[in-house]
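1. My questions are about this predicted structure, shown below with the sequence.
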Number of protein chains: 2
Amino acid sequence: MTALVFVDSASPAGRIADPQQPQLSVLDQGVTRGDGIFETAHYRAGAVRKLDAHLSRMQASAAALEIKLPSEEALRGAVDTAVAEFLKDYDDAAQATLEAAVKIVVTRGGEDADHGVAWVMVSALSASLLEQREKGIDVILLDRGYDSTVADRAPWLLMGAKTLSYAVNMAALRHAHHQGADDVIFTSTDGLVLEGPTSSVLIASTVDGVKTLTTPILETGILPGTTQGAIFAAAEKAGWDLGYGPLEPHHLMEADAVWLVSSVRLLAPINSIDGTKISRDAELHRDLQELVDQIM
Amino acid sequence: MTALVFVDSASPAGRIADPQQPQLSVLDQGVTRGDGIFETAHYRAGAVRKLDAHLSRMQASAAALEIKLPSEEALRGAVDTAVAEFLKDYDDAAQATLEAAVKIVVTRGGEDADHGVAWVMVSALSASLLEQREKGIDVILLDRGYDSTVADRAPWLLMGAKTLSYAVNMAALRHAHHQGADDVIFTSTDGLVLEGPTSSVLIASTVDGVKTLTTPILETGILPGTTQGAIFAAAEKAGWDLGYGPLEPHHLMEADAVWLVSSVRLLAPINSIDGTKISRDAELHRDLQELVDQIM
């Protein structure tokens, strides 16, 4: 089932714990204020993929929130232990194809605490998530309420930091589900495409035989996607043209293919946006899938 | 110290627990997504003040987030038990003047859970908070990133719901402290005064001998303040004129007195905004203080 390991100063490998038992204090501001940060990485075939990028983004989030991180060694030690603990339930044959979500959380701690609590949780992927990779998803556009210049002028809004305060992201997903959709693409008040509640937006087109991959510009205040970043690095080596927005909804409608990309679900091809069918160029999807498979 | 009582279906009075011990699961989305709601009420002189208003607002928050609340009886039972538990540490003389913060929290629970966890925590007030009632506070204006019409058009942003996702509110307060200020008043992108990260804004003036109390309009997406509401009800009976914004920063600068009001700190008179001294009409403050004292 789910494996849980706390970062623990007494042990470089962390402390294994039972996720079914109470483990956290009600005094931790991670609990009472959503005041903490997290990353979710992908385990596959013996390795946690792009862990460097996740730990690097977690450092940026910690800096934005002024949260003290455990040492990188301690975080890596807890990740290794949690993965090993998770794998115990599977035989060698199962392990060869096993995938899992590796969630790393660091909280602020109590009001007067010098540091918070950090843990790693490894769990199996849901069937519905795996299905979305194949079947694709229907999305709706939702107003994020912010204009695209807010991140620069209002750093206290923590744009681009991955905090535990995800209530709005979850509410947007519920709103989509009530509309019969699977997911959301947020837009800015000035009409730009931003990101999904838990993913980045990627569009592709073939122009004069050249494959082009485009994603919204980071300056809009979106989270720098580790999967988007890794795909771009692989695509550049493979000779694709790369572009950064500003993207507007019509760019998505006109593209040859559009995806929501994230660390665990990977490529979720978009079938429709606000009920309008979206192109799903099979060749572009296959090519991008190959690039995603290469991510270490 | 702090008293902790969980709502528990096995006992109408709740289950007393030790806040220093681990009590929560890492699987609860209240922890991992800031996906829960809360209220903070004021205990004084034998009673939790305006508990009805807090429970009523908690119901509105629960509806916005589609979170299942325990029964009102169960919540009230846990509040009573937590207060009694808190008082045990004090003798009768101390209890007569004792004040405390009564925090009620309800989380969404685990991914597949039918309901989350609910608890009540009663704790003493910090000296710095009590001091702010007397000395007053210096505040800065910070852009909240939203325009004043967002609540109506984007309900998924959960404006007006009191969620556990408070990372931005806490970041704004840290930003103020770094600037040497005590607190924040958020403004909308279209220039309206909104609220503090944990309080409502109230301004007063005496015009032709009539005392007038004004607060920003709720349609801007601010939280409906239970203290502001109770003060308005008392002021109306006392013959004050009442007004609802839209308020702009210049209205604050021109008022005879400005406060941040909240359930536990009560009236925090504002000494300066962005470094500009603000009027503190002593008579208005005394009159308003009397109204606040009447709140049950």
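-> Sure thing, it's come through.
2. so what's A:Val7 up against?
-> A:14-15, A:70, A:74-75, A:77-78, A:117-120 (C-beta atoms under 8 Å, 6 or more residues apart in numbering or on different chains). Where you see a C-beta, it was placed from the backbone N, CA and C, and this is true even at glycine.
3. Got a ChimeraX select line for the buried ones in the residues you listed?
-> Buried subset of these, written as a ChimeraX selection, criterion 16 or more other C-beta atoms under 10 Å in any protein chain shown:
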select /A:14,70,74,75,77,78,117,118,119,120
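4. and of the contacts of A:Val7, the nearest to chain B?
-> Proximity of the contacts of A:Val7 to chain B, judged by C-beta to the nearest C-beta, is greatest for A:Trp119, which lies at 6.1 Å.
5. Confirm that closest one sits in a strand?
-> Yes. Counting by DSSP: H, G, I helix; E, B strand; the rest coil, A:Trp119 is located in a strand.
6. Now for it: which residues touch it?
-> Going by C-beta under 8 Å, 6+ apart, A:Trp119 touches A:4-7, A:17, A:23, A:78, A:104-105, B:26.
7. ok so, going back, columns pLDDT on top of the contacts of A:Val7, output as a markdown table?
-> As requested, those are arranged in a markdown table below (pLDDT from 0 to 100):
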| residue | pLDDT |
| --- | --- |
| A:Gly14 | 98 |
| A:Arg15 | 98 |
| A:Pro70 | 97 |
| A:Ala74 | 97 |
| A:Leu75 | 98 |
| A:Gly77 | 98 |
| A:Ala78 | 98 |
| A:Val117 | 97 |
| A:Ala118 | 98 |
| A:Trp119 | 98 |
| A:Val120 | 98 |
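8. List just the nearest of the contacts of A:Val7 to A:Ala45.
-> Nearest to A:Ala45, judged by C-beta to C-beta, of the contacts of A:Val7 is A:Val120 at 18.8 Å.
9. Just list the residues touching that closest one, thanks.
-> By C-beta under 8 Å, 6+ apart, A:Val120 lies in contact with A:4-5, A:7, A:14, A:75, A:78-79, A:81-82, A:102-105.
10. A:Asp182 is in contact with A:Arg133, isn't it?
-> No. When contacts are counted by C-beta atoms under 8 Å, A:Asp182 is not listed as touching A:Arg133 (11.9 Å).
11. Comparing those two, which shows the higher neighbour count?
-> When A:Asp182 and A:Arg133 are compared for neighbours, A:Asp182 comes out ahead with 22 against 17, by other C-beta atoms under 10 Å in any protein chain shown.
12. which phi and psi does that one have?
-> For A:Asp182, the backbone dihedrals are phi -100, psi -30 (criterion: degrees, to the nearest 10).
13. Grab the nearest non-local neighbour of it.
-> If you skip the residues right next to it in sequence, A:Asp182 has A:Ile137 as its closest partner in space, 4.0 Å away by C-beta to C-beta, 6 or more residues apart in numbering or on different chains.
14. Phi and psi next, for the one you found.
-> Dihedral angles of A:Ile137 (phi, psi; degrees, to the nearest 10) stand at phi -140, psi 150.
15. I'd like to know the beta-bridge partner residues of it.
-> A:Ile270 (DSSP bridges).
16. can you pull the contacts of the closest residue to A:Val7 other than its chain neighbours?
-> The spatially closest residue to A:Val7, leaving aside those adjacent along the chain, is A:Ala118, at 3.9 Å (C-beta to C-beta, 6+ apart). Remark: with contacts taken as C-beta under 8 Å, 6+ apart, A:Ala118 is in contact with A:6-7, A:69-70, A:74-75, A:78, A:104-107.
17. Which ones among these map onto strands?
-> A:6-7, A:104-107 (DSSP state E).
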